[in-house]
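Peer 1: generate coordinates for the sequence data below:
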Amino acid sequence: MSIIIWDQHQFIGYCLYPFVYPRYFLFTVYFLFNFSCLKMTILQKWLILVLASVLAPVRAAENVLVIVDSPARLDTHTLFLNKLKSGFNTEIKHVEDPTLILKKYGQFLYDHVVLLAPSTEEFSGGKVSTDTLVEFIDAGGNVLVTADVETGDAIRELASEVGVEIDESGNTVIDHFNFDTQDEGYHTRIKVSPDNLIKSEHIVKPPSAECLYHGTGLATDSANPLVLNILTGSSTSYSHNPQEMIKDYPHVVGKNTILIAGLQARNNARVIILGSIDFLSDSYLTAKVGKDGKVAGNSDVVSDIVAWCFKQAGVIKIDFVEHKSVETGNKSPSFYTVKEECEFSVKISELVQGAWVPYQANDVQFEFVRIDPFVRSTMVADKGGVFRTKFMIPDVYGVFKFVVKYSRPGLTSISSSNQISVHPLRHNQYERFIYSAYPYYASAFSMMFGVFVFSFVFLHHKEPEAKPKSE
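Peer 2: Purely as a prediction, here's the structure:
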């Protein structure tokens, strides 16, 4: 079925449409192959096709939805929003906007969501709710959430869904030993050392200066392996209402005072929970700390955690998996024979500054599994990111799997499983004489020799003739 477009200018407009909205690229390709009725030369048609094929991948930026609880956020968080706009197709909507929607026709319209709405009690506008955001995360979407001293129930519920508990409203992180000079007297505008950041350069690199923080405290379950404590308070920090006397033990104290928490789900979806919306504000991103007047490390930390949350950093993938017989050199055979030497290799790439480069590590392990691992080996990588290992197929036949599972903090989890059958030896592949059977060989030949001797003696032995009684 051909689609008739009478105006060439209208046609070119359809061609440029996916550069603004990349998700409509396939729709535009359909147009490109159905414009035979246009009065255009073949050269003009081919030029447009080439232009679309070259520019579409370049302009295919990811879509980010920013939800705010007040129009004032556009003025107080200008630098942060400009950073998002420079790398993503950013759309900003109010939490009560009736057009607020995440999913349409069964497809999510955005790749990432930023919630600059800590005071939200409920999502009253559009078709967004806590359940919708959880569904978005389950589908692989990434979410950055900000809390504050006064945090609404909707944000608390979303944080609890990802394993993070936000302190009670009115409670603020206090540190009487590490507060900023511009503090108002409650010691709630605190300085956080770069040493309190998580030790993973895939997530965040230590800045050259301290960070400024004013917000509530977070708590996480140390038994949850999916939750990461990205930034913690010092040993002298705690979370409490600064205008009330401490009667009960504070909710979080010391190093258990979490300021920024992260989650990487099993489907590699990522969530960031910040206990302070001021951490992203213009005043904190440009503030100066210390006697030497250095710019606070907030800007560097924010850039790193946004890149990690939106999968611009800390992403690895498997390019190919290969196995071959060392003896025959046959790649990816349909089966192996027991006690055959095999070489397994896998290429892993890492996303660094928008380009895929070979991944380098010394802790990638391989397993040869039949219910339980029969072989476990640490692979060695070359400069091209290809990890290899050689092993001998165990002397057990059956259905096995080549398994690679790699999960490290700050990196996306990768997994590969390839099934292969292991056959027993054929009748002509066994040894002619088995060393362990030599005693049985000796006993058999000794028995044969004994029977021969016995037969010889029995056949040639002649008893003396009996003498008559008369003699």
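
Peer 1: show me where pLDDT drops low in this protein?
Peer 2: 1-60, 469-471 (pLDDT under 70).

Peer 1: spatially central residue in it, please.
Peer 2: T412 (1.7 Å; Cα atoms, centre = their mean).

Peer 1: gap between the residue lying closest to it once chain neighbours are set aside and P468?
Peer 2: Excluding the flanking residues, the one nearest T412 by Cβ to Cβ, 6 or more residues apart in numbering is N268, at 4.5 Å. In short, each C-beta sits where N, CA and C put it, glycine included. Distance of N268 to P468, computed by Cβ to Cβ, to the nearest Å: 111 Å.

Peer 1: give me the more crowded residue out of these two.
Peer 2: N268 (16 against 6; other Cβ atoms under 10 Å).

Peer 1: what helix or strand is that one on?
Peer 2: When secondary structure is defined by DSSP states H and E, N268 falls outside every helix and strand.

Peer 1: now S325: phi and psi?
Peer 2: phi -80, psi 130 (degrees, to the nearest 10).

Peer 1: coming back round to it: contacts only, for the residue nearest to the centre of the chain.
Peer 2: Residues near T412 by Cβ atoms under 8 Å, 6 or more residues apart in numbering: Q264, N268, K311, G314, V315, I316, K317.

Peer 1: could I have the buried ones of those as ChimeraX selection syntax?
Peer 2: Selection of the buried residues among those in ChimeraX, burial being defined by 16 or more other Cβ atoms under 10 Å:
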select :264,268,311,314,315,316
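
Peer 1: for the stretch 201-350 of the chain, which segments are assigned as strands?
Peer 2: 211-213, 218-220, 227-232, 237-240, 258-264, 270-274, 288-289, 294-295, 315-325, 335-337, 341-352 (DSSP state E, counting those that start in this stretch).

Peer 1: likewise the stretch 1-150 of the chain?
Peer 2: 63-68, 89-94, 103-104, 107-108, 112-116, 142-146.

Peer 1: name the surrounding residues that touch the fourth one.
Peer 2: I take that to be strand 107-108. Residues outside strand 107-108 that contact it (Cβ under 8 Å, 6+ apart) are L102, F136, A139, G141.

Peer 1: in helices, which of those residues appear?
Peer 2: F136 (DSSP state H).

Peer 1: right, and the residue nearest to T412 touches G141 too?
Peer 2: No. Using Cβ atoms under 8 Å, N268 makes no contact with G141, being 10.8 Å away.

Peer 1: which parts of this protein are helices?
Peer 2: 8-20, 25-32, 42-59, 73-76, 78-87, 130-138, 153-161, 282-285, 298-309, 438-460.

Peer 1: which outside residues touch the last one?
Peer 2: Contacting residues not belonging to helix 438-460 are listed as F433 [Cβ under 8 Å, 6+ apart].

Peer 1: redo the contacts of strand 107-108 as JSON lines? Include distance to G163 and neighbour count.
Peer 2: As requested, the contacts of strand 107-108 are exported to JSON lines (distance: Cβ to Cβ, whole Å; neighbours: other Cβ atoms under 10 Å):
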{"residue": "L102", "distance to G163": "22", "neighbour count": "21"}
{"residue": "F136", "distance to G163": "17", "neighbour count": "22"}
{"residue": "A139", "distance to G163": "18", "neighbour count": "13"}
{"residue": "G141", "distance to G163": "17", "neighbour count": "20"}
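
Peer 1: tell me the one among the contacts of strand 107-108 nearest to V357.
Peer 2: Nearest to V357, judged by Cβ to Cβ, of the contacts of strand 107-108 is G141 at 25.8 Å.

Peer 1: contact partners for that closest one?
Peer 2: Here G141 is in contact with F108, Y110, D111, H112, V113, A269 (Cβ under 8 Å, 6+ apart).

Peer 1: tell me the contacts of the fifth one?
Peer 2: Contacts were defined as Cβ under 8 Å, 6+ apart; by that measure V113 touches V64, L65, V66, I67, L102, L133, F136, G141, N142, V143, L144.

Peer 1: hey, what's the last one bridged with?
Peer 2: Beta-bridge partners recorded for L144 (DSSP bridges): V114, I272.

Peer 1: neighbours of it, how many?
Peer 2: Neighbour tally, L144, other Cβ under 10 Å: 24.

Peer 1: close enough to count as contact, it and A307?
Peer 2: No. The pair L144 and A307 fails to qualify as a contact (Cβ under 8 Å) at a distance of 11.2 Å.

Peer 1: tell me, how many residues neighbour G217?
Peer 2: 29.

Peer 1: could you find the closest non-adjacent residue to it?
Peer 2: Per Cβ to Cβ, 6+ apart, closest to G217 is S239, 3.0 Å.

Peer 1: wait, what's in contact with the one you found?
Peer 2: Taking Cβ under 8 Å, 6+ apart, one finds D167, N171, T172, V173, I174, T216, G217, P250, H251, V252, V253, T257 in contact with S239.

Peer 1: what's the domain layout of the chain?
Peer 2: 8-59, 63-309, 315-423 (automatic domain parsing).

Peer 1: isn't P409 right next to I203, touching?
Peer 2: Yes. In this structure P409 lies within contact range of I203 using Cβ under 8 Å: 7.5 Å.

Peer 1: overlap in contacts of these two?
Peer 2: With Cβ under 8 Å, 6+ apart as the test, P409 and I203 both reach L228.

Peer 1: neighbour count for the two, which is higher?
Peer 2: Each of P409 and I203 has its neighbours counted (other Cβ under 10 Å); I203 has more, 26 against 14.

Peer 1: wait, what's in contact with the more buried one?
Peer 2: With Cβ under 8 Å, 6+ apart, I203 has these contacts: L228, I230, G262, D304, I305, W308, A313, G314, P409, G410.

Peer 1: turn the residues you listed into CSV, including distance to T328.
Peer 2: What follows is those, written out as CSV (distance: Cβ to Cβ, whole Å):
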residue, distance to T328
L228, 46
I230, 50
G262, 48
D304, 49
I305, 50
W308, 45
A313, 42
G314, 40
P409, 41
G410, 41
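
Peer 1: T220: neighbour count?
Peer 2: 22.

Peer 1: do the same with H240
Peer 2: 24.

Peer 1: what of K462?
Peer 2: 6.

Peer 1: and I198, by the same measure?
Peer 2: Neighbours of I198 using other Cβ under 10 Å come to 18.

Peer 1: quick one, what contacts it?
Peer 2: Counting by Cβ under 8 Å, 6+ apart, I198 has contacts V204, L228, N229, I230, L231, P409, G410.

Peer 1: write the ChimeraX selection for whichever of the residues you listed are buried.
Peer 2: The buried subset of the contacts of I198, as determined by 16+ other Cβ under 10 Å, is captured in ChimeraX by this line:
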select :204,228,229,230,231,410
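
Peer 1: now the contacts of I198 in JSON lines, with distance to T76?
Peer 2: Shown next, in JSON lines, are those (distance: Cβ to Cβ, whole Å):
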{"residue": "V204", "distance to T76": "23"}
{"residue": "L228", "distance to T76": "27"}
{"residue": "N229", "distance to T76": "27"}
{"residue": "I230", "distance to T76": "23"}
{"residue": "L231", "distance to T76": "21"}
{"residue": "P409", "distance to T76": "32"}
{"residue": "G410", "distance to T76": "30"}
